[in-house]
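Asks: The amino acid sequence is not available; the structure is as follows:
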């Protein structure tokens, strides 16, 4: 039986609504680009899945999810008190506080699930606006790779190419809260690396225009090198050596986290050799967990 409930001039049906948003293996590039700090996230096939149903809110909810729900209710001119009777349920495979965009995935999925519960939808630009009001946001919420001003949402430049890239994600046990990273005084260092990042952005544009994974790897590696000035990744020089010696596309990092990604093609490159080399060189003591993932289109589903 479907129950109809009235709120002012609005009708809703008591149902469950779901949405999910992918993680990001750090960023393809991040730094001072086109006059300000921007990034391109690297969506991978890990997800946060959110469902909205009638019910009592759970005692444990991840930060900002209910805040996002209330923002969506207000956007559709509904009383935020409605949130008291709605339950947010989360299933996620994304490790937290490691630079994998877990928070963006949580709140973006919550936003779209709430809209769907209301029989509405949100376009990507509106969704991005909601997210940046709550916290610095990854561009995983866009279906295409997007150069994004993750703090204001003012810049959204889409890349019209989905790279056929696999990623051997190296997971460190170290954690870092993104908000803490953004409180650091980074301005001078970002400006010092501005020329490198402008070049990295040009390489990304060339990679997109020519569908060239090698050129993309050049860009991500350059951005990762610049990031070392702000947040050091252990064994970074050894990982650069592995890139050169194995012939993979390149590497990328979480610029505000602890993970590193090795960009490759599992059909062409010897992933078993990469794992063996990491263990042989004792790099696994810094990154004890490795995950073979695929770069996928972003966007909240």
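Replies: Received the coordinates, thanks. These figures come from a predicted structure and were not determined experimentally.

Asks: so what's residue 256 closest to, chain neighbours aside?
Replies: For residue 256, ignoring the flanking residues on the chain, the nearest one in space by CB to CB, 6 or more residues apart in numbering is residue 181 at 3.9 Å. Heads up, the C-betas are built off the backbone N, CA and C, glycines and all.

Asks: can I assume the one you found is in contact with residue 254?
Replies: No. Applying CB atoms under 8 Å as the test, residue 181 and residue 254 come out as separate, 9.7 Å apart.

Asks: Tell me which of these two has more neighbours.
Replies: Taking other CB atoms under 10 Å, residue 181 and residue 254 do not tie; residue 254 has more neighbours (28 against 17).

Asks: Now do the contacts for that one.
Replies: 25, 26, 27, 98, 99, 100, 260 (CB atoms under 8 Å, 6 or more residues apart in numbering).

Asks: I'd like those laid out as CSV, including secondary structure.
Replies: Below are the contacts of residue 254 laid out as CSV (DSSP: H, G, I helix; E, B strand; the rest coil):
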residue, secondary structure
25, strand
26, strand
27, strand
98, coil
99, coil
100, coil
260, strand
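
Asks: which two from those end up farthest apart in space?
Replies: The most widely separated members of the contacts of residue 254 are 27 and 98, with 13.0 Å between them, by CB to CB.

Asks: and those two? which has more neighbours close in?
Replies: Neighbour tally, residue 27 and residue 98, criterion other CB under 10 Å: the higher count belongs to residue 27, 29 against 23.

Asks: which residue sits closest to the more buried one, ignoring its sequence neighbours?
Replies: Ranked by CB to CB, 6+ apart and with sequence neighbours excluded, the top spatial neighbour of residue 27 is residue 39, at 4.7 Å.

Asks: Sheet partners, orientation included, of the helix or strand harbouring residue 263?
Replies: Using DSSP states H and E, the element containing residue 263 is strand 260-264. Within its sheet, strand 260-264 is paired with strand 166-171 (antiparallel), strand 250-253 (antiparallel), according to DSSP bridges.

Asks: Point out the most buried one among those.
Replies: strand 250-253 (a mean of 28; mean count of other CB atoms under 10 Å).

Asks: now the lengthiest strand in the chain, how far from the centre of its chain.
Replies: Scanning the chain for the strand with the most residues, using DSSP state E, yields strand 36-54. Distance of strand 36-54 from its chain centroid, counting by CA atoms, centre = their mean, to the nearest Å, is 5 Å.
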